[in-house]
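Undergrad: Dropping a prediction and its sequence here:
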Amino acid sequence: MKRIEKISENENYAAVNIGHLDDLANFSLIHPKTGQEITGKVFLKEALIIIDIQNDYFEGGTNPLVGSSEASLNAAALLKDFRTRSLPVVHIRHLSTRPGSTFFIPGTRGAEIHENVTPVANEKVIEKNFPNSFRETELIDHLRLLGVTNLVICGMMTHMCIDATVRAAKDFGFSCTLIGDACATKDLEIDGKTVAARDVQTAFLASLNYFYATVSDTAEYLKHNEII
C-alpha cells in the first residue's frame, strides 16, 4: 500500500497528491487533527481515445476492414460508458494528405466519423495526418491539460494507427488499456503471401500486451467498472 505523506488540512481530504500511479491506487490517510487512519482507493483520470472509426473503413468505403461494424458497436458501448461516467472522450479523425491517397480524402464522406460513434458537442475531435495520433497534433497538450493519466484506446486500424498511438502513449508515460474487440484491421500481404486479418489482429494485440498496454475486451472492461 502506498502511504500518502501530505494531505490537506480540510476534513474532507480534498487535496491529495499521489503522483503518477496505476489506474486504481490504494491509499492510507492520517487525519491531521484526530490521527485517524483512513484507507481506500483513488481513481485517477481516465480518457477514451477513439481512433479513425471513419466511413471509408466500412462496407461501401474505399478501404473496408474485416469486422469494422462489430468493432464500431463495441466502441459505441465504451463511448456510452464514458459519457455516463462524465469522463473525457477524444475522437481522432485521420485526413490523408499524401499524394495518391485513396481513402480519408479531406472533404469526402469517407473521411467523416462513422455514425456509430458520432461525437457530441462537448467531445474533443482531433485531426491527424500520420498513424501516430500524437504526431503534430494537440493530443498530448489536451490530455495533460485535463490531468489524464490513463488511456482506454480503441479504433482502426489495429496494425497501423492503433499500434503507433499506443506505443507513443506509453512513451509519454500514460497507462494504456487497449480494447481489442473494439479495433479492426484487414488482410495484409508480404512476400506474395496473404496474412489473414484475424492473424494480423492477434499478432499486433499480442505484441502490445503487457509492456505497452493491457489488452482487454469490451465486456471485460465494462464488467470491471461495474465491480469497482
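TA: Everything's here; your move.
Undergrad: tell me, what residue is most central in this protein?
TA: Ile153 (2.0 Å; C-alpha atoms, centre = their mean).
Undergrad: Thought Thr165 was touching it, still the case?
TA: Yes - if you go by C-beta atoms under 8 Å, Ile153 and Thr165 touch, sitting 6.6 Å apart. In short, each C-beta sits where N, CA and C put it, glycine included.
Undergrad: Show me the strands paired with the longest strand along the chain, marking each as parallel or antiparallel.
TA: Looking across the chain with DSSP state E, the single longest strand is strand 175-184. Here strand 175-184 is paired, per DSSP bridges, with strand 150-156 (parallel), strand 214-216 (parallel).
Undergrad: Would you indicate which residues of the first one are buried?
TA: The neighbour-count check on strand 150-156 (16 or more other C-beta atoms under 10 Å) flags Asn150, Leu151, Val152, Ile153, Cys154, Gly155, Met156 as buried.
Undergrad: confidence score at the last one?
TA: As predicted, Met156 sits at a pLDDT of 98.
Undergrad: quick one: contacts for it?
TA: Listed by C-beta atoms under 8 Å, 6 or more residues apart in numbering, the contact partners of Met156 are Ile51, Asp52, Ile53, Gln54, Tyr57, Leu65, Ser68, Ala71, Ile162, Cys183, Ala184, Thr185.
Undergrad: got any residues that touch both of Ile153 and Thr165?
TA: In the contact map built from C-beta under 8 Å, 6+ apart, the residues linked to both Ile153 and Thr165 are Ile49, Ile51.
Undergrad: before we move on, the earlier item: okay, the residue nearest to the centre of the chain and Ala77: tell me how far apart.
TA: Here Ile153 is placed at a distance of 15 Å from Ala77 (C-beta to C-beta, to the nearest Å).
Undergrad: Would you mind writing the CA trace of whichever helix in the chain runs longest as PDB?
TA: Determined from DSSP state H, the single longest helix within the chain is helix 68-84. The C-alpha coordinates for helix 68-84 follow below in PDB (Å, rounded to 0.1, in the frame of the first residue of the first chain):
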ATOM      1  CA  SER A  68     -15.300  -2.900 -38.700                       C
ATOM      2  CA  SER A  69     -19.000  -2.900 -38.000                       C
ATOM      3  CA  GLU A  70     -18.700  -5.100 -34.900                       C
ATOM      4  CA  ALA A  71     -15.700  -3.200 -33.600                       C
ATOM      5  CA  SER A  72     -17.600   0.100 -34.000                       C
ATOM      6  CA  LEU A  73     -20.500  -1.200 -32.000                       C
ATOM      7  CA  ASN A  74     -18.100  -2.200 -29.200                       C
ATOM      8  CA  ALA A  75     -16.600   1.200 -29.400                       C
ATOM      9  CA  ALA A  76     -20.100   2.700 -29.100                       C
ATOM     10  CA  ALA A  77     -20.600   0.700 -25.900                       C
ATOM     11  CA  LEU A  78     -17.400   2.200 -24.500                       C
ATOM     12  CA  LEU A  79     -18.400   5.600 -25.600                       C
ATOM     13  CA  LYS A  80     -21.700   5.300 -23.800                       C
ATOM     14  CA  ASP A  81     -19.900   4.200 -20.600                       C
ATOM     15  CA  PHE A  82     -17.600   7.100 -20.600                       C
ATOM     16  CA  ARG A  83     -20.400   9.600 -21.300                       C
ATOM     17  CA  THR A  84     -22.400   8.000 -18.400                       C
END
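Undergrad: Thanks a lot, see you next time.
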